[in-house]
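[1] coordinates for the following, if possible.
(2 chains)
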Amino acid sequence: MNSFDDVKLEKIVAWLLISGVALSALVVLVGAAGFLSNHGSELADYHVFRGAPQRYRSVEGVLGAAGPSDWRAVIQLGLMLLILTPIARVAFSLMGFVLEKDWTYTALTALVLAILVYSFIAPH
Amino acid sequence: MRITIRRKPYETASIRSSLPLCFERAMTHLQFTGLVFGISAVAGCLGALTGLGGGVVVTPALTVLLGVDIRFAIGASLVSVIATSSGAAAAYVREGYTNIRIGMFLETATTIGALVGAYLATRTPTAILAIVFGLVLLHAAWSSSRGHPRDVAGREDRLAERLRLDGTYPSAQGQQHYNATHVKTGWGLMFGAGTISGLLGIGSGALKVIAMDQAMRIPFKVSTTTSNFMIGVTAAASAGIYLGRGYIEPGLAMPVMLGVLAGSLIGARQLVGARVRVLRWIFAGVVGAMAIEMIVTGARGIK
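    Next up is the predicted model:
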């Protein structure tokens, strides 16, 4: 009998989802506290679409800007961690199915992961 | 001499056009954050209970109620879907509702469908499609509110057996065993769900629950929680694109994410004790409202 089974896989997936959500929520909360204490009384205006500033659109940009001088970049970093969570979940499931030696599901999960990666790197 | 005070036509027009924007007047970030957090908490709770994600409530609330630009609202809605999905899924997987294998198998259909949808998006009349899909959803809302006779016993699906698409889930009578049937139909519907969400950016959760509940005859709570598990992946696939286009605005997405997350954790707790009949009615109500919204937006787009 295989030592790695669906019950273990479920535990790992649940643990991964909790950690991903907790970590991203923590980062967003820190950013929110900084942002609101500095700009809380300024007016919010999202009626007209100008697009988020360029530095908030890429991982490198956010990592470069995040800090006490730019709290919104800290928030954006947390949001990026949140987006990463389901993708990491698929990657971990793939490893789990390999450990279970379940080749049908290894192939299916690899296909899903490949499509996800493609959608991120494909030119838009 | 009679004096008549007549309002100039353009004045009435401007009043009427600003009417739905109840909170359009200037708001500080602090007020805005509080209000959006509250709305999002409700959205997250409903989304976690129905397997639809938070976007169904967040998008119309932001655009109609608060006058937020639709592109910012789409970005925030994507964030809300991922937050509901991941927040509630952790609880549902641990409780033993979510079927990871069914989710993983059907994700092949939704992600391929999403690619096809994104490819077709520029050459499809989305307004007409929105109306047709809205009508389909109206019918689906009606039929899912009634449930279906449990005729699973005795019916064996060979593909389901090979893919091990069976499982157990906790119920009031203890652990219940179930089998999936009509796997091919389910996969086809999921492919449709992915394509539609790639084309219209909405509605994938509804089709997912309907495909599992009505076609594959999977228990309702397993259907909604497995849908909830899957929508995060579908949303993450398009989040990269929208992030690059600047649709995700941190100041706006922050209260949405935190609110939806709080709401989804409350919703996940409610699901365990909730009766399936009640859940079906909530699901049908939300899907019905969504369908009408799609038909109205589609009709406006044709004009």
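
[2] residue 107 sits in which helix or strand?
    I'll assume chain A. helix A:103-121 (DSSP states H and E).

[3] my question was about chain B
    In the assignment (DSSP H and E), residue B:107 maps to helix B:100-120.

[4] pull the CA atoms of that helix into PDB?
    In PDB, the C-alpha atoms belonging to helix B:100-120 read as follows (Å, rounded to 0.1, in the frame of the first residue of the first chain):
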ATOM      1  CA  ILE B 100     -10.100  17.200  -5.000                       C
ATOM      2  CA  ARG B 101     -10.200  14.600  -7.800                       C
ATOM      3  CA  ILE B 102     -13.400  15.900  -9.400                       C
ATOM      4  CA  GLY B 103     -12.100  19.400  -9.100                       C
ATOM      5  CA  MET B 104      -8.800  18.600 -10.700                       C
ATOM      6  CA  PHE B 105     -10.400  16.500 -13.500                       C
ATOM      7  CA  LEU B 106     -12.900  19.200 -14.300                       C
ATOM      8  CA  GLU B 107     -10.300  22.000 -14.200                       C
ATOM      9  CA  THR B 108      -8.800  20.600 -17.400                       C
ATOM     10  CA  ALA B 109     -12.100  21.500 -19.000                       C
ATOM     11  CA  THR B 110     -12.500  24.900 -17.500                       C
ATOM     12  CA  THR B 111      -8.900  26.100 -18.200                       C
ATOM     13  CA  ILE B 112      -8.900  24.800 -21.800                       C
ATOM     14  CA  GLY B 113     -12.300  26.500 -22.200                       C
ATOM     15  CA  ALA B 114     -11.000  29.700 -20.800                       C
ATOM     16  CA  LEU B 115      -8.200  29.800 -23.400                       C
ATOM     17  CA  VAL B 116     -10.700  29.200 -26.200                       C
ATOM     18  CA  GLY B 117     -13.000  31.900 -24.800                       C
ATOM     19  CA  ALA B 118     -10.100  34.400 -24.600                       C
ATOM     20  CA  TYR B 119      -9.300  33.600 -28.200                       C
ATOM     21  CA  LEU B 120     -12.900  34.000 -29.400                       C
END
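
[5] show me the shaky parts of the stretch 1-150 of chain B.
    Within the stretch 1-150 of chain B, the stretches with pLDDT under 70 are B:1-25, B:149-150.

[6] would you mind listing what in it touches chain A?
    Residues of the stretch 1-150 of chain B found near chain A (C-beta under 8 Å from any C-beta of the partner chain) are B:24, B:26-33, B:66-72, B:75, B:79, B:82-83, B:85-87, B:89-90, B:93-94, B:96, B:98, B:100-101, B:104-105, B:107-108, B:111-112, B:114-115, B:118. Quick note: C-beta positions are derived from backbone N, CA and C, even for glycine.

[7] next step: the residues you listed restricted to strands.
    The members of these that map onto strands under DSSP state E are B:27-28.

[8] from the residues of the stretch 1-150 of chain B next to chain A, which would you call buried?
    For the residues of the stretch 1-150 of chain B next to chain A, a neighbour count by 16 or more other C-beta atoms under 10 Å in any protein chain shown gives the buried set as B:27, B:29, B:32-33, B:66-69, B:71-72, B:75, B:79, B:82-83, B:85-87, B:89-90, B:93-94, B:96, B:98, B:100-101, B:104-105, B:107-108, B:111-112, B:114-115, B:118.

[9] can you name the residue of chain A nearest chain B?
    Of all residues in chain A, residue A:51 sits closest to chain B, with a separation of 3.1 Å (C-beta to the nearest C-beta).

[10] setting aside sequence neighbours, what's the nearest residue to that residue?
    residue B:246 (3.1 Å; C-beta to C-beta, 6 or more residues apart in numbering or on different chains).

[11] can you report how many residues neighbour that neighbour?
    Number of residues near residue B:246 (other C-beta atoms under 10 Å in any protein chain shown) recorded here: 18.

[12] sorry, back to before: tell me what the helix or strand following the helix holding residue B:107 is packed against?
    Downstream of helix B:100-120, the first helix or strand assigned by DSSP H and E is helix B:126-146. Judged by 3 or more C-beta pairs under 8 Å, 6 or more residues apart in numbering or on different chains; DSSP states H and E, helix B:126-146 is in contact with helix B:183-200, helix B:204-210, helix B:276-302.
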